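1. I would like to see how this sequence folds:
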Amino acid sequence: MKKIILSVLMLSVTAIAEAQEAVAILKQGHFSVGGTTIHRPGTYNNSKFIGWTEQEETGQSYRADHAFVDFQIPADAHRLPLVYVHGYGGSGVCWQMTPDGRDGFSTLMLRRGWSSYVMDLPGRGRAGRTTATTTVKPVADEMFWFDIWRIGIWPNYNEGVQFPKDSVSLSQFFRAMTPDISNHKQDVPALGALAKRIGNHILVTHSAGGFPGWVSAMQNPEVKAVVSYEPGGFVFPESEVPERIDGLTGGVAGTPVSMKQFKRLTEIPIVLYFGDYIPETPSENLGDENWRVRLQMARKFVETINRHGGNATLVELPKIGIYGNTHFLMQDLNNDKLAELLDEWLIKNGLSK
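-> Numbering: from 1, shown residues only. Below is the predicted model:
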């Protein structure tokens, strides 16, 4: 029986490998951007040893609060690269992999000629050096996130969900989570530092990464478009902030900015994507409620941009016949379809070659 199972697994892996065409990579690598450096006064004594985890800091330096960026540039790339920004509880890995081993979203877009710059924001993933003082403790919270991210209502998966239902994939999904040891004050500066380093680009954000994405677009002229997958926060002109929308997870309120800042968002194409299982009326389920209020605020956000002459689109996937998507749309089983949608939108808005 073990031999039969092993043979089936090997055939499955072979089939997947054969289905994936090779991608010609012109250049790849990684680097850090932004951040701070602490310098302790005095003269460093290189003959004094205290221990491996505790040091005499006199005369020493400490670099922290930077973002980590992993990049790949394909041969014959489109003129604008995609910069991927993750949300809460994770790192750039969410764009690079799927829990069940299929092509990650950045790879799917790479196959379509879009260069990728995948970020780990300060204090997350491979950018773990921080100046923030915090306590990291184990919190049993996976059932909560299973519900909040609309995979289902624990222990049941949503009907028709596009998330893989096997236990191994679910374990891989949760093991991709990472502690958040940032004070979040360096997120926007890190995006600005990357903008200055690579020049013109398109921001692709997810969830809590959506808000710093809007701010980066307002501050950095190098941002030529924004693609946001289920953003968690929104900005509005200070005289046009809608009323707070209350919900079980605290609700959502718009953040006021000056009209001059907001007008910047009307000068670039913007698209927002929202998945399935989001009700129109209040619910007793945390995941339903969390995204009900945010989708309603997203509608107000897009309407406000367009009322001021902008080019913003809100795509509610079930309304165009695409069902079953969770909050992690880019990792869902139909992420190739979503990559196709994005590719079409980018080309339609003149952002390709």
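
2. mind checking how far residue 103 is from residue 45?
-> 52 Å (C-beta to C-beta, to the nearest Å). The C-beta positions use only the backbone N, C-alpha and C, and glycine is treated the same way.

3. who's more crowded, the two?
-> Neighbour comparison, residue 103 and residue 45: the larger count goes to residue 103, with 20 against 11 (by other C-beta atoms under 10 Å).

4. Name the nearest residue to the more buried one, ignoring sequence neighbours.
-> Nearest residue to residue 103, sequence neighbours excluded (C-beta to C-beta, 6 or more residues apart in numbering): residue 20, at 6.5 Å.

5. shouldn't that neighbour be in contact with residue 102?
-> No - shown here, residue 20 and residue 102 do not form a contact pair, counting by C-beta atoms under 8 Å, at 9.0 Å.

6. for this structure, where's the lowest mean pLDDT among helices and strands?
-> Between all helices and strands in the chain, the lowest mean by mean pLDDT, DSSP states H and E belongs to helix 2-19, at a mean of 45.

7. what about the residue nearest to residue 103, neighbour count?
-> Here the number of neighbours of residue 20 (other C-beta under 10 Å) works out to 12.

8. Could you do residue 113 as well?
-> 17.

9. Point out where this structure drops to low pLDDT.
-> Filtered on pLDDT under 70, the chain yields the residue ranges 1-19.

10. now the helices for it?
-> 2-19, 93-96, 105-111, 142-148, 167-175, 187-198, 210-219, 259-263, 286-307, 335-348 (DSSP state H).

11. which one of these lies closest to residue 77?
-> Nearest of the helices of the chain to residue 77, taken as C-beta to C-beta: helix 105-111 at 8.8 Å.

12. by contact count, what packs against the closest one?
-> strand 61-74, strand 82-85, helix 93-96, strand 116-120, helix 335-348 (3 or more C-beta pairs under 8 Å, 6 or more residues apart in numbering; DSSP states H and E).

13. can you put these in JSON lines and add distance to residue 153 and mean neighbour count?
-> Formatted as JSON lines, those follow (distance: least, C-beta to C-beta, whole Å; neighbours: other C-beta atoms under 10 Å):
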{"stretch": "strand 61-74", "distance to residue 153": "35", "mean neighbour count": "20"}
{"stretch": "strand 82-85", "distance to residue 153": "29", "mean neighbour count": "27"}
{"stretch": "helix 93-96", "distance to residue 153": "22", "mean neighbour count": "24"}
{"stretch": "strand 116-120", "distance to residue 153": "31", "mean neighbour count": "26"}
{"stretch": "helix 335-348", "distance to residue 153": "23", "mean neighbour count": "18"}
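
14. export those to CSV and tack on distance to residue 166?
-> Conversion of those to CSV gives the following (distance: least, C-beta to C-beta, whole Å):
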stretch, distance to residue 166
strand 61-74, 27
strand 82-85, 26
helix 93-96, 19
strand 116-120, 26
helix 335-348, 17
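
15. Relative to residue 300, which of those is closest?
-> For the helices and strands packed on helix 105-111, the distance to residue 300 is smallest for helix 335-348, at 21.4 Å, taking C-beta to C-beta.

16. which residues does residue 328 contact?
-> 94, 149, 163, 173, 206 (C-beta atoms under 8 Å, 6 or more residues apart in numbering).

17. Just flag the most distant two among these.
-> Put simply, by C-beta to C-beta the two of the contacts of residue 328 set farthest apart are 163 and 206, 15.2 Å from each other.

18. Neighbour count for these two, which is higher?
-> Counted by other C-beta under 10 Å, residue 163 and residue 206 do not tie: residue 206 has more neighbours, with 28 against 25.

19. Please verify my assumption that that one contacts residue 94.
-> Yes - here residue 206 lies in contact with residue 94, judged by C-beta under 8 Å, at a distance of 6.9 Å.

20. okay, and the common contacts of these two?
-> Taking C-beta under 8 Å, 6+ apart as the contact rule, residue 206 and residue 94 both touch 86-87, 328, 330.

21. From those residues, list just the buried residues.
-> Buried subset of those (neighbour count, 16 or more other C-beta atoms under 10 Å): 86-87, 328, 330.
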